[in-house]
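Student: Structure of the sequence below:
(chains A and B)
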Amino acid sequence: MSYLEYNAKYVPTGLRKLMFINWPIIVLLTAVAGYGFIMLYSVAGGSADPWMSAQVKRFGVGMVMLVGVAMVPIWFWRNVSAVAFGVSVLLLVAVEFFGAVGMGAQRWIDLGFMRLQPSELTKITLVMVLAAYYDWLPTDKTSRPQWVLVPVMIILFPTYLVLRQPDLGTALLLLMGGATIMFLAGVHWAYFATVAASGVAGLVAVFQGRGTSWQLLKDYQYRRIDTFIDPSNDPLGAGYHITQAKIALGSGGWTGRGFMQGTQSRLNFLPEKHTDFIFTTLAEEFGFVGAFTLLILYVLIIMFCVASAMGNKDRFASLLTLGVAMTFFLFFAVNMAMVTGLAPVVGVPLPLVSYGGSAMLVLLIAFGLVQSAHVHRPR
Amino acid sequence: MKRYTKDIDESARRITRRALVVGAVQFGIVGALGVRMQKLQIEQADQFRLLAEENRINIRLIPPARGLIFDLNGRPIAANEQNYRIVMVREDAGDVGEILERLTKLVPLDPEDLARAMEEMRRRSSFVPVTIADRLTWEDVARVSVNAPALPGITAEVGLSRIYPWGADLGHVVGYVGPVSDYDLSRIDDQDPLLQIPQFQIGKTGAENKLERRLRGSAGTKRIEVNAVGRVMRELDRKEGNSGADVQLTIDARLQSYVQARLDSVSAGAVVLDLENGDLRAVASAPTFDPNMFVRGISVADWRDLNENKFRPLAAKAVQGTYPPGSTFKIVTALAALEDGKVTPEETIRCKGWVDIYGTRFHCWKRAGHGNMNLHESLKQSCDSYYYEISQRVGIDKIAAMARKLGLGTRHDLPLSAVAEGLAPDKAWKKRVRDQDWRIGDTVNASIGQGYVLSSPLQLAVMAGRLATGRDITPRLVRAIDGKEEPSGAGEDIGLNENYLRRVRAAMDDVSNSNRGTAYRSRINAPEMKMAGKTGTSQVRRITAEERAVGVTRNEDLPWERRDHALFVSFAPVENPRFAVAVIVEHGGSGSTAAAPIARDIMLQALYDGEPPLDAYPSSDRGRIAEQQRKIRERVPPGSKGQDRA
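Tutor: Model (predicted):
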């Protein structure tokens, strides 16, 4: 029994729920996705095929799912959190055994009608299970070691599985997203300080271990780090992507080269131009104004989520909302940092803009949960 | 209701506090991203825009059409021919093996070329056109075009390649072009970007080489947009270059062709000089080679034949070859002595067949001796003793100076490969090069064009020309470039006493036209076209006293490379000289029998512009000449083919 159950009578019911949906978030999500459609149309050389039309369909399906999720009471989602997390971890394990190999990494299971990336699913179920955990845990126990250890295990297990695929980007997202929820829930500062310190030590270990029998990362991951530090020492090899991405970004200038006029993407100098590197095309064609507008849209989405969380006294609801917002933030921040050369290249898509099915559906479902939390707030 | 109230509010407040911390961090990161974008997109925008343009735009050169080379009468001697080739684009072809098999049934394909093309296709990107076959006939191209639907990826292209319509006749003069090599690039200081084009054709030898800068023209450029793998997306703009300048030579291709035919496969060189303006009407060396062989890519066997031929077909003997001028040099010695006042034309010197100088015996070619000789007789009968005597009086330095004045021992500036300097030796030269003192025997040897003296046929023709005109004629090979005439080589008065010149000319007149003259049998019979000349027979070996005692071995009994060189220098008509001709037949025996008839035949062709009447020849020769002219006429006239193509 928690806050919500005591106040269930104040929660809107039936079609009245629709009125209480956080419409600004819906509008902002649609605006971002629309931006993505335009870019997908452009990188296909002025054609809806092969990417834009598929993306529009997925967005439509995703929006229906969002509203569907939003209509279901938030306490239902809280109650199934543990089960959802368990299923996604099982799927991650399954990927180990049945996953098809795509792009050198085992990331998805072919369900016949769609390819499911369990790691995407895990991003949202991890947030759910952690929010539920801290909702269940009495607040005075939050910082007790044994009660800190449990969420740490919850985070590390799927992170480990994802890292084994290997998918460094998602692993980082899971780790940082999970840690943020623990921080928000009120786990003592000292734990984070300790982790940060040992993180630095771990980093040292990673680099020291390179080339020895106990090296911790794969060679290509080391190389990515190398080329991140100095892309120019390998301009035609691994550094090529970073260099070309920066050229595309930089050549955009204030207002860009114009819709469908980006030479870098048009002439295939950009890698993965419809997925992870789509932001470079956007920045090249619409310039600083266009790129910054997208950034503002993202920030607005985060702000509306934070505002919704602050106005919600239910612990699960606010932790979940903030957790989703953080995951969303990590998505675009890591992606933008990566393509602007501030972070190494790890495979993280630009949320709602990059072409890709699982990521978009999962994000929209996550925002469905945020809406559910918002709608089912006692008023 | 226990948990509602304080606990709930406390928990919510804590989340709020911590959310603010997280929010602050997020704002920090977003700020960093914004600053980064601002830096890349606004501060460094120009720099990145430039890099993007460099990525995108390639500048390609458009090779200009090479300038043409014409002869004096506008006949093309180096032209550009349309060259059909077949290229294949791998990605359009699909099954390369299958397509090539079909192609083989249509046109003759060299297996070697095919293997090379296959290799190149494997190496390059699939959209790069690779040449499968080159220099195809129009019929082959037509067959391929008709079958185009069955040959995806195959296209016929047309380009320009160099052709020399006169073939071997002008091989030494025009030279040939070939693809620029690393060696060429290392040797020449030329920043022209055209040279970086693979297989770009540049002049390798001859006029093609020496006039390269004018013939080449300048590159046009086109800017093209390429994608990341280098595929051409579109042409943005183009600037046409300038084709090379057309060059008109002074050579009369028909005369040149005659000279080559007349020399045939004898190892010889001949030069025809127009005395009006120094124009070289013919510069022939035999045997010769066909420059077209080099343009097409010479086969190993042909190359070996050219190199192993003991008559050295690749050497342009007329300008590169230097030979002891023999008795033709007596003109120089005589003029040096006359000008210096050491002998008068009338003074007689007795020839007893030899002269002893400081214990060395120098022989005249006539063992019995010529008796009393004056200037006229000594030249006419080519008495050696006379020159042994006068050369000692005048000294080598004055002789060498006179030689240079007449065009020997100096390099004439012509756009031909390896134009020889020859050698007019003097005391300083011997000291400098041999580190030895000049000895009187050296002077005596030099007086009859032996010893150290060396000259090329070109230099001998210039000598004859300067003597005949009294003007400082300089030879020229280029009449006009791009329609602009080059300075004439007519020259100024050479500054020699006209009386002495007239004496020497008169003696040379008698060499050909008096029945005691050494070249009487090779005279020109038409009174208004009379030819003056001087024979020369230069030894390439030393005749020992022992050999002399038993009798000098006859030339015919010696191996070829030890026989004497045969020389003849001439000018005609005697009264109003228009042409000078010099001929050297390597190891040909005596000048009067081997060189003089050739010079006379060439001279008649030049004087009568290719149509000499039979009665201009001495009656004894006419039968042979008629036969010879018929043979030469039966030779495939090389010019006719070229004129059709040009």
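Student: Only C-alpha atoms from now on, for both contacts and neighbour counts.
Tutor: Will do.
Student: Within its sheet, name the partner strands of the helix or strand encompassing B:Asp134 and how each one runs.
Tutor: If you go by DSSP states H and E, B:Asp134 is part of strand B:129-136. Next to strand B:129-136 in the sheet, as set by DSSP bridges, lie strand B:76-89 (antiparallel).
Student: ok so, going back, how far does the strand holding B:Asp134 sit from its chain's centre?
Tutor: Relative to its chain's centre, strand B:129-136 lies at 29 Å (CA atoms, centre = their mean, to the nearest Å).
Student: Which helix or strand lies directly C-terminal to that strand?
Tutor: helix B:138-146.
Student: Does anything pack onto that following helix? Which helices or strands?
Tutor: On a contact count with 3 or more CA pairs under 8 Å, 6 or more residues apart in numbering or on different chains; DSSP states H and E, helix B:138-146 meets strand B:76-89, helix B:96-106, strand B:154-163.
Student: Okay, helices next: where are they in the stretch 101-250 of chain B?
Tutor: Using DSSP state H, counting those that start in this stretch, the helices of the stretch 101-250 of chain B run over B:111-123, B:138-146, B:171-174, B:182-187, B:206-210, B:212-216.
Student: Quick one: list the elements packing against the fourth one.
Tutor: Looking back up the chat, that one is helix B:182-187. Against helix B:182-187 (3+ CA pairs under 8 Å, 6+ apart) you get no helix or strand.
Student: what residues does it touch?
Tutor: Residues outside helix B:182-187 that contact it (CA atoms under 8 Å, 6 or more residues apart in numbering or on different chains) are B:Leu195.
Student: average pLDDT across that helix?
Tutor: In this model, helix B:182-187 has an average pLDDT of 81.
Student: just the second one next, same as before
Tutor: Along helix B:138-146, the predicted local confidence has a mean pLDDT of 85.
Student: Just the angle for that helix relative to helix B:96-106, thanks.
Tutor: With axes from the mean of the first three to the mean of the last three CA atoms, to 10 degrees as the basis, helix B:138-146 and helix B:96-106 are set at 140 degrees to each other.
Student: Just the CA trace of helix B:138-146, in PDB.
Tutor: The C-alpha trace of helix B:138-146 is given here as PDB (Å, rounded to 0.1, in the frame of the first residue of the first chain):
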ATOM      1  CA  TRP B 138      36.600   1.500 -87.500                       C
ATOM      2  CA  GLU B 139      35.200  -1.900 -88.600                       C
ATOM      3  CA  ASP B 140      36.000  -3.400 -85.200                       C
ATOM      4  CA  VAL B 141      34.400  -0.500 -83.400                       C
ATOM      5  CA  ALA B 142      31.300  -0.700 -85.700                       C
ATOM      6  CA  ARG B 143      31.000  -4.400 -84.900                       C
ATOM      7  CA  VAL B 144      31.100  -3.800 -81.200                       C
ATOM      8  CA  SER B 145      28.600  -0.900 -81.400                       C
ATOM      9  CA  VAL B 146      26.100  -3.000 -83.400                       C
END
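Student: Go through that helix and flag the buried ones.
Tutor: Buried positions in helix B:138-146, judged by neighbour count with 16 or more other CA atoms under 10 Å in any protein chain shown: B:Asp140, B:Val141, B:Val144.
Student: So which of those is the closest to B:Val158?
Tutor: B:Val141 (9.8 Å; CA to CA).
Student: What's the separation between that closest one and chain A?
Tutor: 35 Å (CA to the nearest CA, to the nearest Å).
Student: how about the residues of chain B that lie near chain A?
Tutor: Residues of chain B lying close to chain A (CA under 8 Å from any CA of the partner chain) are B:1, B:3-4, B:8-9, B:11-12, B:14-16, B:18-19, B:22, B:26, B:29-30, B:33-34, B:36-38, B:40-42, B:44-52, B:56, B:226-229.
Student: In helices only, show me these.
Tutor: B:8-9, B:11-12, B:14-16, B:18-19, B:22, B:26, B:29-30, B:33-34, B:36-38, B:45-52, B:56 (DSSP state H).
Student: can you give me the strands in the stretch 251-379 of chain A?
Tutor: Here the stretch 251-379 of chain A has no strands by DSSP state E, counting those that start in this stretch.
Student: can you map out the helices along it?
Tutor: Using DSSP H, counting those that start in this stretch, helices in the stretch 251-379 of chain A cover A:263-266, A:278-310, A:315-339, A:357-375.
Student: just to revisit the earlier point, now the strand holding B:Asp134: buried residues?
Tutor: B:Pro129, B:Val130, B:Thr131, B:Ile132, B:Ala133, B:Asp134, B:Arg135, B:Leu136.
Student: Quick check: the first one touching B:Val89?
Tutor: Translated: B:Pro129. Yes: assessed by CA atoms under 8 Å, B:Pro129 is found in contact with B:Val89 at 4.6 Å.
Student: Quick check: the gap between the residue positioned nearest the centre of chain B and B:Arg13.
Tutor: Nearest to the centroid of the C-alpha atoms of chain B, with distances taken as CA atoms, centre = their mean, sits B:Gly206, at 1.6 Å. To B:Arg13, B:Gly206 is 96 Å away according to CA to CA, to the nearest Å.
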